[in-house]
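Engineer: Next input, structure requested:
(one chain, ligands or ions: 1)
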Amino acid sequence: MMGTLTGKTAVVTGSTSGIGLAYARAFASAGANIVLNGMGAPADIEKERASIEVDFKVKAVHSPADMTKPGEIAEMIALGEKTFGSVDVLVNNAGIQFVSPIEEFPPEKWDAIIAINLSSAFHGIRAVVPGMKKRGWGRIINTASAHSLVASPFKAAYVSAKHGIAGLTKTVALELATFKITCNCISPGYVWTPLVEKQIPDTMKARNLTKEQVIRDVLLAAQPTKEFVTSEQVAALALFLCGDDAAQITGANLSIDGGWTAE
Ligand code: NAD
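Structural biologist: All right, here's what the predicted structure looks like:
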């Protein structure tokens, strides 16, 4: 069966877990071959890779590129081009979080968050654009966050990186506007993934709250719907952005946040 992305290739950074894995599976369901990327136990990564191939009858490879290393990011794009002939969709999604008061924020955590959550997108886009221009089609999607639009205390590096990615998205969209290449960012509210689960202990400490209080009074307090967003909902929006109906959506920052940033 022909899907929206049959014959195309998608590279999704940080796709061994959470939202990234949901993007990869959604694109594969639409017929794309997939370059997975991210950390994890080799056996777990192989299980996810193989299940994409079995479930959707496409091909998938894993690139171990570390998103703090520009050279490895370029190699990841080259792997996609070499293995499948093109990279048509790039999703910059890898991300980490660290929660701390500013005066105690470890400088090395700041550097890592800026590198993984922001600079990696610059390096990936730089590497993928020549091929997209040559073929006259491309979709670049950046996972931003509600924190690309509003701040929360104790997340200095993350909020800075996400505001940065929103600016990068707009700039790239303008540069590529006449090449049939769109660049957008998606800004989820809280999605229940390992990234959110892992920040709960530090938030408990920073705000002196229990786990239940963090979930109710910090996380879901921000979301008028009082529900988490799902990874699948975010992935469905990304897949829409890959279709012809989204050809005129570029430079947008699309919120999917249960009303958080409407307040
Ligand atoms: P996650 O922890 O489940 O997944 C993060 C992925 O990034 C993993 O595959 C991990 O291996 C990968 N990664 C981390 N460091 C890496 C590195 N140096 N090199 C390569 N890969 C690396 O997190 P998630 O919640 O799915 O987050 C995905 C994206 O969504 C992030 O950019 C995050 O900021 C954003 N986001 C998440 C939420 C949320 O509530 N979960 C909300 C808004 C935005």
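Engineer: For residue 229, give me the backbone phi and psi.
Structural biologist: phi -70, psi 150 (degrees, to the nearest 10).
Engineer: and the spatially closest residue to it that is not a sequence neighbour, what does it touch?
Structural biologist: Counting by C-beta to C-beta, 6 or more residues apart in numbering, residue 191 is the residue found nearest to residue 229 once chain neighbours are left out, at 4.6 Å. From N, CA and C alone the C-beta is placed, and that goes for glycine too. Residues in contact with residue 191 (C-beta atoms under 8 Å, 6 or more residues apart in numbering) are 18-19, 228-231, 234.
Engineer: Same check on residue 4?
Structural biologist: For residue 4, the contact set (C-beta under 8 Å, 6+ apart) comprises 30-31, 239, 242-243.
Engineer: element containing the residue nearest to residue 110 when sequence neighbours are not counted, please.
Structural biologist: Spatial nearest neighbour of residue 110, excluding adjacent residues (C-beta to C-beta, 6+ apart): residue 157 at 4.5 Å. Under the criterion of DSSP states H and E, residue 157 resides in helix 156-176.
Engineer: what about the next helix or strand after that helix, distance to the chain center?
Structural biologist: Of the helices and strands lying after helix 156-176 in sequence (DSSP H and E), the nearest is strand 181-188. Offset of strand 181-188 from its chain centre (C-alpha atoms, centre = their mean, to the nearest Å): 10 Å.
Engineer: One more: stretch 207-214?
Structural biologist: Worked out by C-alpha atoms, centre = their mean, stretch 207-214 lies 27 Å from the chain centre.
Engineer: got the contact list for it?
Structural biologist: Under C-beta under 8 Å, 6+ apart, the answer for stretch 207-214 is 154, 200, 203-204, 217-218.
Engineer: what about the helices in the stretch 1-150 of the chain?
Structural biologist: 18-29, 42-56, 70-84, 107-114, 120-135 (DSSP state H, counting those that start in this stretch).
Engineer: do the third one and the ligand meet?
Structural biologist: No: counting by C-beta under 6 Å from any ligand atom, the ligand is not contacted by helix 70-84; separation bottoms out at 8.3 Å.
Engineer: what's that helix in contact with?
Structural biologist: By C-beta under 8 Å, 6+ apart, helix 70-84 touches 9, 11, 13, 33, 35, 37, 59, 61, 63-67, 86-87, 90, 119-120, 123-124, 126-128, 131.
Engineer: Pull out the buried residues from those.
Structural biologist: 9, 11, 13, 33, 35, 37, 59, 61, 63-67, 86-87, 90, 119-120, 123-124, 127-128, 131 (16 or more other C-beta atoms under 10 Å).
Engineer: ok, back up a step: neighbours around the residue nearest to residue 110, how many?
Structural biologist: Applying other C-beta atoms under 10 Å, we find 24 residues neighbouring residue 157.
Engineer: Tell me, how many residues neighbour residue 72?
Structural biologist: 16.
Engineer: so how far is residue 13 from it?
Structural biologist: Look at residue 72 and residue 13: by C-beta to C-beta, to the nearest Å, they are 11 Å apart.
Engineer: Ok, residue 208 next?
Structural biologist: With C-beta to C-beta as the criterion, residue 208 and residue 13 are 35 Å apart.
Engineer: circling back: of the contacts of residue 191, list those near the ligand.
Structural biologist: Among the contacts of residue 191, proximity to the ligand is found for 18-19 (C-beta under 6 Å from any ligand atom).
Engineer: lowest average confidence, helix or strand, in the chain?
Structural biologist: Ranking every helix and strand in the chain by mean pLDDT, DSSP states H and E puts helix 194-207 at the bottom, with a mean of 89.
Engineer: That one near the ligand anywhere?
Structural biologist: Yes: looking at helix 194-207 against the ligand by C-beta under 6 Å from any ligand atom, the contacts come from 194-196.
Engineer: so which of those residues comes closest to residue 165?
Structural biologist: residue 195 (15.3 Å; C-beta to C-beta).
Engineer: shouldn't the closest one be in contact with residue 18?
Structural biologist: Yes: counting by C-beta atoms under 8 Å, residue 195 does reach residue 18; the two are 6.1 Å apart.
Engineer: who's more crowded, the two?
Structural biologist: Comparing residue 195 with residue 18 by other C-beta under 10 Å, the one with more neighbours is residue 18, at 22 against 16.
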